[in-house]
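> compute the structure for the input listed below.
(2 chains)
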Amino acid sequence: MSALPTNPDSFDDKPPPALGNIAALAAKIGVEAAGPAAADVDRNARFPVEAIDALRRERMLSVLVPQSLGGAGASIVEVAAAVEALGQHCASTAMVYAMHQIQVHCAVRHGDSAALQSYLRELTAGELLLASATTEIGIGGDVRSSGCALEVSGDRFHLEKQAPVISYGAYSDGILATARANAASPANDQVLALCRRGNTTLAEISGWDTLGFRGTCSLGYALAADGPADEVLTDPFADIAARTMLPTSHIVWSSVWLGIATAAVGSARQYIRATARKTPGSPPPGAVRLAELVTTLHEFRALVHGAARRYEERADDAAELNGMGFAIAMNSLKLSSSAFVIDIVTRAMSVIGISAYREDSPYSMSRLLRDAHGAPLMINNDRIAGHNAQMLLVHKGE
Amino acid sequence: MTDTIRQIISDEGRLAADISTLDDDANLYDAGLTSHASVNLMLALEDSFDIEFPDEMLRKQTFESVAAIRAALEELTAASLSQR
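All right, here's what the predicted structure looks like:
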């Protein structure tokens, strides 16, 4: 796949993280590994290798895998909390972790074959990092359409795909790629195929030099992969998307953005406290704005945590998850969250003032502001609002 | 340290009584320390001693007397020294 060595380590001599401790572990990794490297990751648009290594060592990559396969058996609520904790220190790290968990969740919930169960054990033992190739050149951003198709001969598949972005593709141990089920399938009859590192080549077709989320290294690649046909996920991608990929994506992305917003408000709080200490008795001019900002942060937090709980409560109710009401709610979560994060970071900057506008200040809002502006663009909000608009023409529920 | 604490209470505490008439164990709330004034007192102590009170110390008891404040500050300055 690339010149990078395959991940040779085995981690299964260490037990998986205890349930209830996952967000705390993520917070610790955020303080010790992700945060200290965040500025360098951003400046050089480089992969947050030290944070991902730390997550591996703590066995945090496999937490969604059931205990019966060696994982922690964590819920999406716990994973979202871990993503939020990382997001307070390095949004690129949090986003890589979030995107990886989306893929793992798909494999866990839709990989019912012996081969895929065996792969999940392997993923858990080696703390493998999973990436995704869902968009395709010539298709636009619609993940529910593919141009490329699996070629299956005997018990093997072959896939070639022009992917405009594969986030951290060069650093991943495997990629889940969408494709038409076979050459005769229409564009929306898709499957999700596991492309393992050793069986996949990636030829770079575009770079990744962006305003924010620079450490996700979301380059474009021509992907060519071979694999055993029983490592194609067992459910059709339509079901995987509705029941798992869409809700998980919107929940964990929103958790990244909530982490960014929390960091921005934290910075504003620190600034106001430091100012207040100089003049006890007369609160600094930004103090009331800060109080209003904290109110908005609490709204944002309640929205994201509520959505994660809603999904967890209905995770096994296929009919509910396939329904329009659920899809509309998850799309709305994305639309609201991406607006909240920009609003909150922008207001935090005005609470702090010029020190936040500076690049060379401990209160600089530069990275957070640039990261926040990615939120409405990754799967463009206009596209999502368009989907909701269409569904609302017929949907009668709340 | 005690003199500095007493000076800050005198500046920020808005007590009904003069702090010099109170001994180290006297209850400052009984002497008229309001919750509003106690916030200013905390800010001034943080600034003067270059420390931050963690949330778990933000309880009424921490600031109820000169002695209680001194105990809290000693704990925080010891912690920050051991980190160096």
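> ranges for the helices of chain B?
Under the criterion DSSP state H, helices of chain B are mapped to B:2-12, B:35-49, B:66-83.
> which of the ones you listed is buried the deepest?
Among the helices of chain B, helix B:35-49 has the highest mean neighbour count (mean count of other C-beta atoms under 10 Å in any protein chain shown), at a mean of 19. (Each C-beta comes from the backbone N, C-alpha and C, glycine too.)
> list the helices and strands it packs on?
Using 3 or more C-beta pairs under 8 Å, 6 or more residues apart in numbering or on different chains; DSSP states H and E, the elements in contact with helix B:35-49 are helix A:246-278, helix B:2-12, helix B:66-83.
> returning to that earlier point: need the helices of chain B in TSV (columns: mean pLDDT).
Shown next, in TSV, are those (pLDDT from 0 to 100):
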stretch	mean pLDDT
helix B:2-12	93
helix B:35-49	90
helix B:66-83	86
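> the nearest residue to residue B:72 once chain neighbours are set aside and residue B:56: what is the separation?
If the residues on either side of it in the chain are set aside, residue B:72 comes closest to residue B:62, at 4.9 Å by C-beta to C-beta, 6 or more residues apart in numbering or on different chains. Using C-beta to C-beta, to the nearest Å, one obtains 9 Å as the distance from residue B:62 to residue B:56.
> these two: which has the busier surroundings?
A count of neighbours by other C-beta atoms under 10 Å in any protein chain shown puts residue B:62 above the other of residue B:62 and residue B:56, at 18 against 7.
> what score does the more buried one have for pLDDT?
In this model, residue B:62 is scored at 92, pLDDT.
> surely it touches residue B:69?
Yes - taking contacts as C-beta atoms under 8 Å, residue B:62 lies within contact range of residue B:69: 7.1 Å.
> what residues does the stretch 201-350 of chain A put near chain B?
Contact residues, the stretch 201-350 of chain A versus chain B (C-beta under 8 Å from any C-beta of the partner chain): A:273, A:276, A:277, A:278, A:280, A:281.
> recalculate using a threshold of 7 Å.
Contact residues (C-beta under 7 Å from any C-beta of the partner chain) of the stretch 201-350 of chain A with chain B: A:276, A:277, A:278, A:280, A:281.
> drop anything exposed from the residues you listed.
A:276, A:277, A:280 (16 or more other C-beta atoms under 10 Å in any protein chain shown).
> the spatially most central residue of chain B: what's its closest spatial neighbour, skipping adjacent residues?
With distances taken as C-alpha atoms, centre = their mean, residue B:69 lies nearest the centre of chain B, 4.0 Å away. Spatial nearest neighbour of residue B:69, excluding adjacent residues (C-beta to C-beta, 6+ apart): residue B:5 at 5.3 Å.
> contact partners for that neighbour?
Residues in contact with residue B:5 (C-beta atoms under 7 Å, 6 or more residues apart in numbering or on different chains) are B:66, B:69, B:70.
> not counting its neighbours along the chain, what's nearest the first one?
With C-beta to C-beta, 6+ apart as the measure, residue B:24 is the residue that lies nearest to residue B:66, at 4.4 Å, once sequence neighbours are left out.
> so what's the residue count around residue 53?
Assuming you mean chain A. Residue A:53: 15 surrounding residues under other C-beta under 10 Å.
> that's the wrong chain, I wanted chain B
18.
> what sits against it?
B:42, B:46.
> 8 Å instead?
B:42, B:45, B:46, B:62, B:72, B:76 (C-beta atoms under 8 Å, 6 or more residues apart in numbering or on different chains).
> ok, now how distant is the third one from residue A:267?
Relative to residue A:267, residue B:46 is positioned 18 Å away (C-beta to C-beta).
> and what of the fourth one?
Going from residue B:62 to residue A:267 by C-beta to C-beta gives 26 Å.
> ok, now how distant is the nearest residue to residue A:87 once chain neighbours are set aside from residue A:345?
In space, and not counting its chain neighbours, residue A:87 is closest to residue A:259: 1.9 Å by C-beta to C-beta, 6+ apart. The gap separating residue A:259 from residue A:345 is 11 Å, by C-beta to C-beta.
> ok, these two, which is more surrounded?
Applying other C-beta under 10 Å to residue A:259 and residue A:345 shows that residue A:259 carries more neighbours, namely 31 against 27.
> wait, the more buried one touches residue A:91, no?
Yes - contact criterion C-beta under 8 Å: residue A:259 and residue A:91 qualify, at 6.9 Å.
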